[in-house]
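Enquirer: What would the 3D arrangement of this be:
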Amino acid sequence: MANVRVERTEDGGFRATNARGAEVRIGGGDEEGVFTPVELLLAAVGGCNIVTVEPLTAKRGQRLIRLAMTVESEKIEPNLLGPVTVTYDVEVPSEQADEVFRAVAERVHAKYCTVSRSLQEGTEVRLEIP
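Expert: Next comes the predicted model:
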């Protein structure tokens, strides 16, 4: 089970923490040094894809020289995102590495990235107020 705690900090900001001690500062789009909630959602999509693609390409003997991506979306309504686009930025050492990368990236996107698949399937979000 995945679990994070999101809370207001003493200085009036917000942060998300996990059980392993990681922390991410959250705020509005006009604040410096923080992620907005939408940016965190996009980072989750990118992070899920990239941390799955990298070891699978390496496992197939194809270490990529550069592996990065941009993940973007625009609001189509004040509180609704349109399609999320993942654009890879890679440098491959060979044509074979390129073929492996493309096959792995497609497979990860279609089957193995939990975050992307959950968005595509429309995972229910439940609210519990004690």
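
Enquirer: Residue 29 - that's part of a helix, no?
Expert: No. Looking at residue 29 with DSSP: H, G, I helix; E, B strand; the rest coil, it is coil, so not inside a helix.

Enquirer: Over to the residue nearest to it when sequence neighbours are not counted: give its phi and psi.
Expert: Once flanking residues are discounted, residue 29 sits nearest to residue 36: 5.2 Å by CB to CB, 6 or more residues apart in numbering. Yep, even glycine has a C-beta here, placed from its N, CA and C like the rest. Backbone torsions for residue 36, taken as degrees, to the nearest 10, come to phi -80, psi 160.

Enquirer: what's the neighbour count on residue 36?
Expert: When counting by other CB atoms under 10 Å, one arrives at 14 neighbours for residue 36.

Enquirer: mind listing what it touches?
Expert: 26, 27, 28, 29 (CB atoms under 8 Å, 6 or more residues apart in numbering).

Enquirer: For it, give its distance to residue 84.
Expert: Applying CB to CB, to the nearest Å, the value for residue 36 to residue 84 is 15 Å.

Enquirer: related to what we said a few turns ago, could I have the PyMOL command that selects the buried members from the contacts of residue 36?
Expert: Typed into PyMOL, the next command selects the buried ones out of those (criterion: 16 or more other CB atoms under 10 Å):
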select buried, resi 26+27
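
Enquirer: for the contacts of residue 36, which one is nearest residue 4?
Expert: residue 26 (10.6 Å; CB to CB).

Enquirer: Quickly list what that closest one is bridged to.
Expert: Taking DSSP bridges as the rule, residue 26 bridges to residue 14, residue 35.

Enquirer: pLDDT at it, what is it?
Expert: With respect to pLDDT, residue 26 has a value of 97.

Enquirer: Equivalent analysis for residue 103, please.
Expert: So, for residue 103, pLDDT stands at 97.

Enquirer: Over to it. Which of the three states is it?
Expert: Going by three-state DSSP: residue 103 is helix.

Enquirer: count of residues packed around it?
Expert: Residue 103 has 13 nearby residues by other CB under 10 Å.
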